[in-house]
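Asks: Prediction below, plus the sequence it came from.
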Amino acid sequence: MKGVLVFVAVVAVLFFAGCGGIFPTGPKPEDLAKALADKIMELVKSGGVPTYEELRELIYVPDEDASNPDVEDLAFEATDFVVFTLCTPSTPTSISVAGVSKIETKLIPWIIDGKPTFVENVYSVTYVCTRSASSTVVNLPMIIVQDKGYYFATWIQETGGATELKYYPTFVPFL
């Protein structure tokens, strides 16, 4: 009888582990951060101007807001910021992930208060951008939406009968 009970317990543990009941499932934040860096390198190496659809792989835009020209403009601006941050002082030959930390408290220079409902988690990603003569270290935010990593989100929010263009996480104003 004890053998049957042990067998049933082991089968239950393995079943729940496979279903995500015990062990976490889904992509690891480190893998998502690496995928974002790989996409940036792909865009930089192509040398052309990226399409809006390509940018939506880096900046989360809900489908219902994708056709809004203000949202599109903000997605381009956010991507310009990311590319400028990673490609200064020159174009990197590679970008690697040095670390990923979940942000659960306020962390400068990003305002993470007012997290939209579609954002699951917010992380700080440290990248090492390697060049032929030097390396630089940069930090960028990463949000998780539906098990996919993005640097920022932009969308239209209804606020008391009006609409507002939103951006998350937001920059801390520099005085």
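Replies: Right, received. Where do you want to start? Residues are numbered from 1 along each chain as shown.
Asks: element containing V122?
Replies: For V122, the host element (DSSP states H and E) is strand 121-130.
Asks: can you check T163 too?
Replies: strand 162-168.
Asks: and for the helix or strand just after that strand, what are the contacting residues?
Replies: Next helix or strand after strand 162-168 toward the C-terminus (DSSP H and E): strand 170-171. By CB atoms under 8 Å, 6 or more residues apart in numbering, the surrounding residues in contact with strand 170-171 are 109-111. Where you see a C-beta, it was placed from the backbone N, CA and C, and this is true even at glycine.
Asks: Out of those, which sit inside strands?
Replies: 110-111 (DSSP state E).
Asks: Pick out the one among the contacts of strand 170-171 with the largest number of neighbours.
Replies: Comparing these by number of neighbours (other CB atoms under 10 Å), W110 comes first, having 19 neighbours.
Asks: Tell me who's in contact with that residue.
Replies: For W110, the contact set (CB under 8 Å, 6+ apart) comprises 103, 124, 141, 169-172.
Asks: just the buried members of these?
Replies: The neighbour count (16 or more other CB atoms under 10 Å) marks 103, 124, 141, 169 as buried among those.
Asks: Now these in JSON lines, please, with extra columns for pLDDT and distance to A75.
Replies: Formatted as JSON lines, those follow (pLDDT from 0 to 100; distance: CB to CB, whole Å):
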{"residue": "I103", "pLDDT": "83", "distance to A75": "22"}
{"residue": "S124", "pLDDT": "93", "distance to A75": "21"}
{"residue": "P141", "pLDDT": "94", "distance to A75": "15"}
{"residue": "P169", "pLDDT": "93", "distance to A75": "15"}
